[in-house]
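S.K.: Sequence and predicted structure, then a few things I'm wondering about:
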Amino acid sequence: MEKITDKLLSWASILEPKTREQAIRTAAMPFVQPHMALMPDAHLGKGATVGSVIPTEGAIMPAAVGVDIGCGMDAVLTQWTIDDLQAIDYGQDGSLRRLREEIERAIPLSAGKYNTELTATAIARLNRRDGLHDLAARAGFDPAVYAPNWERQLGSLGSGNHFIEISLDELDRVWIFLHSGSRGVGNKLAQHHIKVAQEQMRRRFIELEDPDLAYLIEGEPAFAAYIAELRWAQAFARENRAEMMDRVVLTLSEFMQEDVESQEHISCHHNYTQRERHFGRDLWVSRKGAIDAHEGVMGLIPGSMGTRSYVVRGRGNVASLSSAPHGAGREYSRAAARKAFTFEQLDAAMEGIEYRRTDAFIDEIPAAYKPIDVIMRDAEPLVEVVHELRQIVNVKGD
């Protein structure tokens, strides 16, 4: 751990100068209390640093969570091993290619791609007691204000670093592993509240070094509205992942001609805000690219495309605000990665993994990210590794 300032602690051995400057700027906000924590995967973000844990008292910065509200991971351990998968014969095209294509048919991929019709499980998630319609009514808003088609977004993947994978652990057991968030509706909702916060800064004649550090003050209507809608978006993200998991489970069951028996199921956000008690104070803790790592809490840390991922257990590190990294963390921006790397390099990095071979994924090449081995070494005081996973099938959106 490095103490950068009295209000900024870092667990990142790789920390770019601009990322450090951004984090110092955020930590200096007067309502950040008692200090901000930088995770091993910290890198430059919009407003607040990705890979940061920001505890605040009396105020919240909507950009501290960002536009992918509730983004996170879900994983299910199945009853099968690699031997069981390899026993399935679908001819010369290969069984894993067939499995990838079936998953791609079951779930809408890529930005702006949504369901044409809803499954029975999606309808239940919308309409049951404490379902998404009920939660929106309690929050006092209509999600259609932000995205008229928000219901059809339920159970869709998106693009960028979001993925669905079939992976193997150290015992060659088969896991389903996926990563996504609150999709377009969460993005629009977040953008709205960031603009509201910026307008409040202008109205109060408050000048900030970075406009994306604009904040809402606790006790005011705009703050209450943000928290209510934020919680709804976090619920949507969790249900979105659950709906996708249901579909992948069904697809894998059909592929194996046997129902999946879930041996373990883990779900965790890594872009979210919740109320927590730290250092004897009740605080709003915003994790932007970080997971909850309270003692005993199970979490998921994905590597980059083509590298290993981890199932972890929190150590409850007090100084880190009981948090841990959410992944590998970018070293190259998407634009820079497209200039620096080639499709041939991506294909070589994905050797042995069944994936859709396209140059659309060049900006997701493992070399564009920090080495996951370094991240996990830095994270050793924060989490205990329970399982190490390696992908055999990767599904992504363009």
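M.R.: Thanks, I have it.
S.K.: From what I see, Gly66 and Gly47 are in contact.
M.R.: Yes - Gly66 is within contact range of Gly47, at 7.3 Å (criterion: C-beta atoms under 8 Å). Every C-beta, even on glycine, is put in place using the N, C-alpha and C of the backbone.
S.K.: Of those two, which one has the most company?
M.R.: Taking neighbours as other C-beta atoms under 10 Å, Gly66 and Gly47 compare with Gly66 leading, 25 against 22.
S.K.: okay, and the helix or strand of this protein with the least pLDDT?
M.R.: When the helices and strands of the chain are scored by mean pLDDT, DSSP states H and E, helix 82-86 comes last with a mean of 89.
S.K.: Who are the packing partners of it?
M.R.: Under the contact definition 3 or more C-beta pairs under 8 Å, 6 or more residues apart in numbering; DSSP states H and E, helix 82-86 sits against helix 95-106, strand 173-180.
S.K.: how about the ones you listed in TSV, adding distance to Ile353, mean neighbour count and mean pLDDT?
M.R.: TSV is the format used below for these (distance: least, C-beta to C-beta, whole Å; neighbours: other C-beta atoms under 10 Å; pLDDT from 0 to 100):
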stretch	distance to Ile353	mean neighbour count	mean pLDDT
helix 95-106	9	18	94
strand 173-180	13	24	97
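S.K.: Any chance of these in CSV with distance to His387 as columns?
M.R.: Below are the helices and strands packed on helix 82-86 laid out as CSV (distance: least, C-beta to C-beta, whole Å):
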stretch, distance to His387
helix 95-106, 21
strand 173-180, 8
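S.K.: and His387, bridged to which residues?
M.R.: In this entry, His387 is beta-bridged to Val311, by DSSP bridges.
S.K.: so what pLDDT did it get?
M.R.: Here the pLDDT value assigned to His387 is 98.
S.K.: Next: Ser159.
M.R.: At Ser159, pLDDT is 89.
S.K.: Chain neighbours aside, what residue packs nearest to it?
M.R.: In this structure, Ser159 finds its nearest non-sequential neighbour in Gly397, 4.0 Å apart by C-beta to C-beta, 6 or more residues apart in numbering.
S.K.: quick one: contacts for Ala139?
M.R.: Contacts were defined as C-beta atoms under 8 Å, 6 or more residues apart in numbering; by that measure Ala139 touches Ala228, Glu229, Arg231, Trp232.
S.K.: Quick one, which of those residues are buried?
M.R.: Glu229, Arg231, Trp232 (16 or more other C-beta atoms under 10 Å).
S.K.: In JSON lines: the residues you listed, plus pLDDT, secondary structure and distance to Val196.
M.R.: Formatted as JSON lines, those follow (pLDDT from 0 to 100; DSSP: H, G, I helix; E, B strand; the rest coil; distance: C-beta to C-beta, whole Å):
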{"residue": "Glu229", "pLDDT": "98", "secondary structure": "helix", "distance to Val196": "11"}
{"residue": "Arg231", "pLDDT": "98", "secondary structure": "helix", "distance to Val196": "17"}
{"residue": "Trp232", "pLDDT": "98", "secondary structure": "helix", "distance to Val196": "16"}
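S.K.: and which of those residues is nearest Asp373?
M.R.: Arg231 (35.7 Å; C-beta to C-beta).
S.K.: so how far is Ala225 from the nearest residue to the closest one once chain neighbours are set aside?
M.R.: With C-beta to C-beta, 6+ apart as the criterion, Arg231 has its nearest non-adjacent residue at 6.9 Å, and that residue is Ala139. Taking C-beta to C-beta, to the nearest Å as the measure, Ala139 and Ala225 are separated by 9 Å.
S.K.: Help me confirm that Glu243 comes into contact with Asn115.
M.R.: No - the pair Glu243 / Asn115 is not scored as a contact, 9.4 Å apart, by C-beta under 8 Å.
S.K.: who's in contact with Arg20?
M.R.: Taking C-beta under 8 Å, 6+ apart as the test, what Arg20 contacts is Ile4, Ser10.
S.K.: Show me which residues of the host helix or strand of it are buried.
M.R.: Element membership for Arg20, per DSSP states H and E: helix 17-27. Under the neighbour-count criterion of 16+ other C-beta under 10 Å, helix 17-27 has Thr19, Arg20, Gln22, Ala23, Ile24, Arg25, Thr26, Ala27 buried.
S.K.: residues contacting Gly45?
M.R.: Applying C-beta under 8 Å, 6+ apart, we find Gly45 in contact with Gln22, Gly51, Ser52, Gly66, Lys288, Gly289.
S.K.: oh, I was asking about Asn115
M.R.: Here Asn115 is in contact with Pro108, Ala122, Arg152, Gln153, Leu154, Gly155, Ser156 (C-beta under 8 Å, 6+ apart).
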